[in-house]
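Undergrad: Compute the structure for the input listed below.
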Amino acid sequence: MKQPLFARGELVSGHYEIRDLLGGGSMGQVFEAHDVDLNRRVAVKAAFPHLDRALIRQEAQGLAAVRHHGVVSVYALGEHRGVPYFVMERLLGESLETHMSALHDEGELFTVAEAIDILVPLAEVLAAVHASGIAHRDVKPANVMLVVGDRVVLTDFGIVAPERSMLRGMPVVGTYEYMAPETITGATAPGNAYLVDVYAFGVLAFELVAGRRPFEGETPRDTITLHVHEPAPSLTETRDDIPPLFENLVRELLEKDPLDRPQSMASVASRLRDPAMRSLTATRSSPPTGIRITLPPPPMRMAR
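TA: Here you go, the predicted model:
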């Protein structure tokens, strides 16, 4: 790991005393800190100085745009010794990726009921994100936190984008193992960016119960090709206790054509909450609720 951007005991901007380095990645580092003014524990996410400062501002603004208990609260945005940072709620828990890995190391899988208990709140927070007019674009187990108090939190809003900005030809961003076909081919239609999150949610749902992702090639290029061209395998081929309604929903989430997927995460959450979704014999469920999210076009500028 790179040298810490802030030293232990350092007082960032006169308010946040650095206690420990929690982790880091290619974009920056996250520290535990003490807010000396409000006497509370917080997390400070700092970006490496050589990166575009707009990136960390974009992430902080993306988080702040969503008011939901499944999204971390942002408290402040600033710069200290030339290092841009933002201050957010300190989460106590572990990532879904870490939890899945530990489970797999023991040779175990989530039950369908356990998977649904994670998927329902995740679907609800994604519905709130989309209702705020943004697409997350990097839904994956590493970006889902299982927090003390049975709270499921979506993290890492570093590549969120307003729906209106999602035009054909935008750069491909995200994690290829969870990437929607239209992201790979550059065919995301304006106003439909949230459907890439629906697809990634389907990959995650498949992985939770199957113990593997639906598309796994020998190389990243092979995996990307499978996402674009190959239908998702049947969950019942991976284990024999998959309820038909659950398998049908995951298959719909993984449709190649974004308009063939469920058109809102609110409807997905509603279907997952139905007790019939956990039944091995039920063949019908309550009608899904929720509407497809459509955003108005940006206002026209008057010629001067």
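Undergrad: mind listing the helices in the stretch 51-200 of the chain by residue range?
TA: With DSSP state H, counting those that start in this stretch as the criterion, the stretch 51-200 of the chain has helices at 53-64, 96-105, 112-131, 181-185, 194-210.
Undergrad: Phi first, then psi, for Glu216.
TA: phi -140, psi 100 (degrees, to the nearest 10).
Undergrad: Just to check, it is in contact with Ile224?
TA: No - taking Cβ atoms under 8 Å as the definition, Glu216 is not a contact partner of Ile224, at 11.4 Å. The way it works is simple: take the backbone N, C-alpha and C, and place the C-beta from them, glycine included.
Undergrad: so who does Tyr85 touch?
TA: Going by Cβ atoms under 8 Å, 6 or more residues apart in numbering, Tyr85 touches Val12, Val44, Lys45, Ala46, Ala47, Ile56, Leu77, Gly78, Glu79.
Undergrad: okay, the angle between the host helix or strand of the fourth one and helix 53-64?
TA: Here Ala46 sits within strand 40-47, counting by DSSP states H and E. For strand 40-47 and helix 53-64, the angle between their directions (axes from the mean of the first three to the mean of the last three Cα atoms, to 10 degrees) works out to 140 degrees.
Undergrad: For the stretch 1-150 of the chain, which residues score under the pLDDT cut-off?
TA: 1 (pLDDT under 70).
Undergrad: hang on, the earlier thing: need the helices of the stretch 51-200 of the chain in CSV (columns: distance to Met265).
TA: Compiled in CSV, those are given as follows (distance: least, Cβ to Cβ, whole Å):
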stretch, distance to Met265
helix 53-64, 16
helix 96-105, 17
helix 112-131, 4
helix 181-185, 17
helix 194-210, 7
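Undergrad: how about CSV for the ones you listed, with mean neighbour count added?
TA: Output for the helices of the stretch 51-200 of the chain, formatted as CSV (neighbours: other Cβ atoms under 10 Å):
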stretch, mean neighbour count
helix 53-64, 18
helix 96-105, 15
helix 112-131, 21
helix 181-185, 19
helix 194-210, 25
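Undergrad: between those, which one is nearest to Thr175?
TA: helix 194-210 (8.2 Å; Cβ to Cβ).
Undergrad: how near is Glu59 to Pro84?
TA: 10 Å (Cβ to Cβ, to the nearest Å).
Undergrad: could I get the helix or strand containing Phe246 in CSV with only the CA atoms?
TA: Phe246 belongs to helix 244-253 when assigned by DSSP H and E. Provided in CSV are the C-alpha atoms of helix 244-253 (Å, rounded to 0.1, in the frame of the first residue of the first chain):
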residue,chain,number,x,y,z
PRO,A,244,-38.8,-21.3,-9.8
LEU,A,245,-39.9,-17.7,-9.1
PHE,A,246,-36.4,-16.7,-8.0
GLU,A,247,-34.8,-18.3,-11.0
ASN,A,248,-37.2,-16.5,-13.3
LEU,A,249,-36.5,-13.2,-11.7
VAL,A,250,-32.7,-13.6,-12.0
ARG,A,251,-33.1,-14.6,-15.6
GLU,A,252,-35.1,-11.5,-16.3
LEU,A,253,-32.5,-9.3,-14.6
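Undergrad: Which positions in that helix come out as buried?
TA: For helix 244-253, the neighbour count (16 or more other Cβ atoms under 10 Å) marks Pro244, Leu245, Phe246, Glu247, Leu249, Val250, Arg251, Leu253 as buried.
Undergrad: Skipping adjacent residues, who's closest to Tyr255 in space?
TA: Quick fix: residue 255 is Glu, not Tyr. Nearest non-adjacent residue to Glu255, counting by Cβ to Cβ, 6 or more residues apart in numbering: Arg261, 4.9 Å away.
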